[in-house]
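K.L.:
based on what follows, work out the 3D shape:
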Amino acid sequence: MKVLVTGCAGFIGSHTCEELLSQNHEVFGVDFMGYAADAEKINNLQRFNSSFHFYECDINDDKLSELVKTEKITHIINFAAETHVDNSIAKVDPFIHSNVCGVSNLIGVARDTNAHLIQISTDEVYGVPERGQIFDESSPLNPRNPYSATKAAADHLLLAAINTYGISAHIIRPSNNFGPGQHGEKFIPTILRSIRQRQKIPVYGDGKQKREWTYVKDTSRSISAFLNRADSENRTILNLSSGFQLENLDVILRICEILGVNPEDHIEYVNDRPGHDREYRITNSILLERTEFHDALSETLKEGK
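P.N.:
Prediction:
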């Protein structure tokens, strides 16, 4: 199968490229190499696998249709996105450019080429559940920060395109991912870097915000496996989650335990993020297996990020 992976130099995108290549797919990676992209990941993919082809460009670029046509690409998986909530609060324009306009352009590519489009969304589009509530794919969207609002807008655009133009597409909404190679602005890399540099770990509010923690390698394996049945999958939207929930403060305590340091020496409580969601909980439709959190966390710390 020939697959176009956008955001291939990013966190989940690069792991998924590796998994697709291991399954003998031919992968065409696209990334505009912004601040969160990792050039070393691209170099490694190119160095060790001749079935990986890299193109540096924005997903808003008109030449994507020509690439898909020329290479006879059958499936597009869109990981390209601005993702850091703090950055979206500070300035939303880059998020609209990538997360909304970029998806609109990919919808045009899918219409023009008949390629199957898989949009990688987020559990944050559902907002905060009531006590005991778990969101499923039929739950209404209630995004509560600029980042999740742009992802919800992209989901609505794609659903409208499926209905209006009859394009072949799916939306996958993963829960919070972690693992090796994650960008330094994210939570676990920030914890690890702070401890190693003997700095304080900034903890928003009381640190009791809850997230469902999904190992990135489990996510990439599940998305790769889904690709093989995407054309016959009747459900348009699918949640992907480990179902394993943990408070942010507990994540810090577990990392400190693994590293053998005293958490009281490293934690600093800071003002909470504006509009910080307390909790996300979603069902799972496609995660194949869940690596135990301790094992996945230990592997992540071993690789240094």
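
K.L.:
please name every helix or strand in contact with the lowest-mean-pLDDT helix or strand in the chain.
P.N.:
Within the chain, no helix or strand scores below helix 39-48, which has a mean of 90 by mean pLDDT, DSSP states H and E. Applying 3 or more C-beta pairs under 8 Å, 6 or more residues apart in numbering; DSSP states H and E, we find helix 39-48 packed against helix 11-22, strand 26-31, strand 52-56. In short, each C-beta sits where N, CA and C put it, glycine included.

K.L.:
give me the contacts around the longest one.
P.N.:
Under the criterion C-beta atoms under 8 Å, 6 or more residues apart in numbering, residues 3, 5-8, 27, 29, 31, 36, 38, 41-42, 45, 49, 51-52, 77, 79-80, 120, 174, 177, 179, 181-183, 186, 216-217, 219-221, 223-224, 227 lie in contact with helix 11-22.

K.L.:
just the residues you listed: which are in helices?
P.N.:
Assigned to helices by DSSP state H, the following of these qualify: 41-42, 45, 216-217, 219-221, 223-224, 227.

K.L.:
Three-state assignment for Val203, please.
P.N.:
Secondary structure, DSSP: H, G, I helix; E, B strand; the rest coil: Val203 is strand.

K.L.:
so what's the residue count around it?
P.N.:
For Val203, the neighbour count with other C-beta atoms under 10 Å is 20.

K.L.:
can you list the buried residues in the longest helix seen in the chain?
P.N.:
Counting by DSSP H, the longest helix found in the chain is helix 146-165. Neighbour counts over helix 146-165 (16 or more other C-beta atoms under 10 Å) mark 146-155, 157-158, 161-162 as buried.

K.L.:
before we move on, the earlier item: just the buried subset of the contacts of helix 11-22, written out for ChimeraX, thanks.
P.N.:
The ChimeraX command for the buried members of the contacts of helix 11-22 (criterion: 16+ other C-beta under 10 Å) is given here:
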select :3,5,6,7,8,27,29,31,36,38,41,42,45,52,77,79,80,120,174,177,179,181,182,183,186,216,217,219,220,221,223,224,227
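
K.L.:
which residues does the closest residue to Ile76 other than its chain neighbours contact?
P.N.:
Nearest residue to Ile76 in three dimensions, chain neighbours excluded: Leu4, at 4.5 Å (C-beta to C-beta, 6 or more residues apart in numbering). Applying C-beta under 8 Å, 6+ apart, we find Leu4 in contact with 28-30, 64, 67-68, 73, 75-77, 115.

K.L.:
confidence score at Leu4?
P.N.:
Here, the pLDDT recorded for Leu4 equals 98.

K.L.:
from here on, call the first residue 40.
P.N.:
Sure thing, new numbering starts at 40, so read that last one as Leu43.

K.L.:
beta partners for it?
P.N.:
Counting by DSSP bridges, Leu43 forms beta bridges with Phe67, Ile115.

K.L.:
rewinding a little: nearest to Asn144, out of the helices and strands packed on helix 78-87?
P.N.:
strand 65-70 (11.5 Å; C-beta to C-beta).

K.L.:
other residues contacting that closest one?
P.N.:
Contacts for strand 65-70 (C-beta under 8 Å, 6+ apart): 40-49, 52, 56, 59-60, 76, 81, 84, 90-96, 98, 103, 106, 110, 112, 119.

K.L.:
since we're on Gly166, how many residues are nearby?
P.N.:
19.

K.L.:
actually Ile157, not the one I typed
P.N.:
Neighbour count of Ile157, defined by other C-beta under 10 Å: 23.

K.L.:
that one touches Val142, doesn't it?
P.N.:
No. Assessed by C-beta atoms under 8 Å, Ile157 is found out of contact with Val142, at 11.5 Å.

K.L.:
okay, and the common contacts of these two?
P.N.:
Asn117.

K.L.:
quick one: end-to-end distance for stretch 162-174.
P.N.:
9 Å (C-alpha to C-alpha, to the nearest Å).

K.L.:
assumed Asp245 was part of a helix.
P.N.:
No. Under the criterion used here (three-state DSSP), Asp245 is coil, not part of a helix.

K.L.:
contact partners for it?
P.N.:
288, 308.

K.L.:
the stretch 90-239 of the chain: strands as residue ranges?
P.N.:
91-95, 114-117, 155-159, 208-213, 215-217 (DSSP state E, counting those that start in this stretch).
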